[in-house]
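> take a look and give me a structure for this.
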Amino acid sequence: MKLFAHRGVMAHYPENTMAAFRAAIVAGADGIETDVHMTRDGVLVLIHDESLERTTDGRGRVVDLTLAELRTANAAVHFEGSEPVPTLEEFLALVMPTGLCVNLELKTDIEHYPGIEERLVEVVERTDFPANRLVISSFNHDTLRRLRKLSTEYELAALSSRRIADPVAYLKQLDASAFHPSVRASTDAEIATLVEAGVKVRPYTVKTLDQLTRFQKLGVDALFVNDIEWARTHLAL
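Sure, this is the predicted structure:
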């Protein structure tokens, strides 16, 4: 069972920053998950929220700001450090030599960012990031449908915080091969059915020993965790 660093090692570093991503690499993560938004001038950047207030000392919505304006915000303000909001290109350059898998969550469920799917494909192709190390997920499943029309290379994953009736059939209709449910969104029987059907199940966000044990027994593909070393240590017990 693989471990994906959720927004990097956000238990100890400012989330979705290069420091958190570097920590995930050092900790031996199998993959890194991060959140993708698009600036007013069309640059893909990595931050969880649609606005800057919670995670930085800046203000305003990402969609209303240029990259230059966004770069004035400190994404490590709560950690007494200094980190800019990274671009997708910077992140891919960091991860490229490592062999790690990358999960890019397109945050189009609130702000739709018209054209973000085309821009994502353009960045991935321009940077030559290997398609077989890339997972693209979203709560907005229309985003996944648009991506599939643009490319058949990428693994698509449907995010869901709720139960989905007949998830195997639903994923087939989406042409998605992975399901990323909230830790409380699916029953053991539903997860077992998905695993048996060959779906890559990756629950988010696992924070307790009981959750680690539960999903390990169910044979899921991977877990999203905030602390790679904590998870690795407890899985080894």
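> okay, CA-based contacts and neighbour counts for the rest of this
OK.
> now do the helices in this structure.
Assigned by DSSP state H, the helices in the chain fall at 18-26, 67-70, 88-95, 116-127, 141-150, 167-174, 188-196, 209-218, 228-235.
> out of these, which comes closest to Gly81?
helix 18-26 (10.1 Å; Cα to Cα).
> now do that closest one, average pLDDT.
Average pLDDT, helix 18-26: 98.
> now it: how far from the chain's centre is it?
Mean-position distance between helix 18-26 and its chain equals 14 Å (Cα atoms, centre = their mean, to the nearest Å).
> between the two ends of stretch 122-134, how far is it?
14 Å (Cα to Cα, to the nearest Å).
> check stretch 192-205 too.
19 Å.
> give the rounded mean pLDDT of it.
98.
> tell me which residues are up against that stretch.
By Cα atoms under 8 Å, 6 or more residues apart in numbering, the residues outside stretch 192-205 that reach it are 6, 167-168, 177-183, 191, 218-226.
> next one: stretch 171-179
Residues contacting stretch 171-179 (Cα under 8 Å, 6+ apart): 141, 144-145, 148, 155-160, 199-202.
> could you give the average pLDDT over it?
The model assigns stretch 171-179 a mean pLDDT of 97.
> buried ones in that stretch?
Leu171, Leu174, Asp175, Ala176, Ser177, Ala178, Phe179 (16 or more other Cα atoms under 10 Å).
> contact partners for the spatially most central residue of the chain?
Nearest to the geometric centre of the chain sits Glu33, at 3.3 Å (Cα atoms, centre = their mean). By Cα under 8 Å, 6+ apart, the contact list for Glu33 reads Phe4, Ala5, His6, Arg7, Gly8, Val102, Asn103, Leu104, Glu105, Phe224.
> which ones are touching the third one?
Contacts were defined as Cα under 8 Å, 6+ apart; by that measure His6 touches Ile32, Glu33, Thr34, Thr205, Phe224, Val225, Asn226.
> same check on the fifth one?
With contacts taken as Cα under 8 Å, 6+ apart, Gly8 has the following neighbours: Glu15, Asn16, Thr17, Ala20, Phe21, Arg22, Ala23, Ala24, Ile32, Glu33, Thr34, Asn226.
> try 7 Å this time
Glu15, Asn16, Ala20, Phe21, Ala24, Ile32, Glu33 (Cα atoms under 7 Å, 6 or more residues apart in numbering).
> just those now: which is nearest Thr39?
Asn16 (15.8 Å).
> what distance do you get for that closest one to Val201?
23 Å.
> could you check which of the two has the larger neighbour count?
Asn16 (30 against 24; other Cα atoms under 10 Å).
> so that one sits against Ala5, correct?
No: applying Cα atoms under 7 Å, one finds Asn16 not in contact with Ala5, separated by 10.2 Å.
> got TSV for the contacts of stretch 171-179, with distance to Arg232 too?
Converted to TSV, the contacts of stretch 171-179 look like this (distance: Cα to Cα, whole Å):
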residue	distance to Arg232
His141	31
Leu144	31
Arg145	34
Arg148	34
Glu155	25
Leu156	26
Ala157	24
Ala158	25
Leu159	24
Ser160	25
Val199	23
Lys200	20
Val201	18
Arg202	16
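> and the buried ones among those, selectable in ChimeraX?
Buried members of the contacts of stretch 171-179, defined by 16+ other Cα under 10 Å, are picked up in ChimeraX with:
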select :141,144,145,148,155,156,157,158,159,160,199,200,201,202
